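**Student:** I need the structure of the sequence given here:
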Amino acid sequence: MKGGDRGHSTAVCTDSSIPTSSRVPGLIRPEPVQPSQGSKALSYVIEQLVEARLVAAAPRVSSIPATLHYDRRDPFAVRMTFPAPATLEGVEVCWTFSRELLTDGMRESVGHGDVRVRPYGYDRTVLEFHAPEGTAVVHVRSGEIRRFLDATGELVPVGLEHLQLDLDHDLAELMRDAC
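**Tutor:** Residues are numbered from 1 along each chain as shown. This is a model prediction of the structure:
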């Protein structure tokens, strides 16, 4: 295993600002946002549908659709979302973890927290999601993940993520909340 705990989960995907009907798989699309100055700006979001194969799933479910999501407003993170029919809770579940964890997991086993990633065979990547309710282990074609990571790297190059952050705005929000 490598590095610290760079993964964490959320039980339910909290970003409902992107309506399901407007999601276009595998495309970069502009999304209007309101920056602190009040002027309109665009943030770019990458979403890619992938086929996730559940390991030791019930015979009726061999593969499930999942969505990889990247938003430059949160440049260090990626999300993997599973639709409600594929989850034990019957609600959409979204796991958030670092882009670095996904990238490194394509080459070697990484993670020792809630999310773990490792290569498997010729063209598969295993993602393990650990929660109090149990562990989900899914296989995804490495080519699909590579294509997604290439698109995120074109949008926000690795090592330049910090340039996407608005630290002045975030600090002002913290100070405002503290008063």
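
**Student:** from Val117, how far out is Pro83?
**Tutor:** 21 Å (C-beta to C-beta, to the nearest Å). All C-beta atoms are positioned from the backbone trio N, CA, C, and that covers glycine.

**Student:** oh sorry, the question was meant for Arg146
**Tutor:** The value you get for Arg146 to Val117, if C-beta to C-beta is used, is 13 Å.

**Student:** what do the two both touch?
**Tutor:** Applying C-beta atoms under 8 Å, 6 or more residues apart in numbering, one finds that Arg146 and Val117 are jointly contacted by Met106.

**Student:** those two - which one has more neighbours?
**Tutor:** Val117 (25 against 14; other C-beta atoms under 10 Å).

**Student:** point to the residue nearest the middle of this protein.
**Tutor:** Arg79 (1.5 Å; C-alpha atoms, centre = their mean).

**Student:** tell me the strands beside the helix or strand hosting Val78, with direction?
**Tutor:** Assessed by DSSP states H and E, Val78 sits inside strand 77-82. Here strand 77-82 is paired, per DSSP bridges, with strand 64-71 (antiparallel), strand 93-98 (antiparallel).

**Student:** make a markdown table out of those strands and add mean neighbour count.
**Tutor:** What follows is these, written out as a markdown table (neighbours: other C-beta atoms under 10 Å):
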| stretch | mean neighbour count |
| --- | --- |
| strand 64-71 | 21 |
| strand 93-98 | 22 |
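
**Student:** between the ones you listed, which gets nearest to Val50?
**Tutor:** strand 64-71 (5.3 Å; C-beta to C-beta).

**Student:** need the mean per-residue confidence for the closest one.
**Tutor:** Per-region confidence: strand 64-71 scores 91 on mean pLDDT.

**Student:** chain center to that strand, what's the gap?
**Tutor:** 7 Å (C-alpha atoms, centre = their mean, to the nearest Å).

**Student:** what's in contact with it?
**Tutor:** Against strand 64-71 from outside (C-beta under 8 Å, 6+ apart): 15, 23, 25, 31, 43-54, 77-83, 85-86, 99, 138, 140, 144-145, 148, 151-152, 155.

**Student:** quick check on those: which are buried?
**Tutor:** 44-48, 50, 52-54, 77-82, 86, 99, 138, 140, 144-145, 148, 151-152, 155 (16 or more other C-beta atoms under 10 Å).

**Student:** mind checking which of those residues are in strands?
**Tutor:** 44-48, 50, 52-54, 77-82, 138, 140 (DSSP state E).
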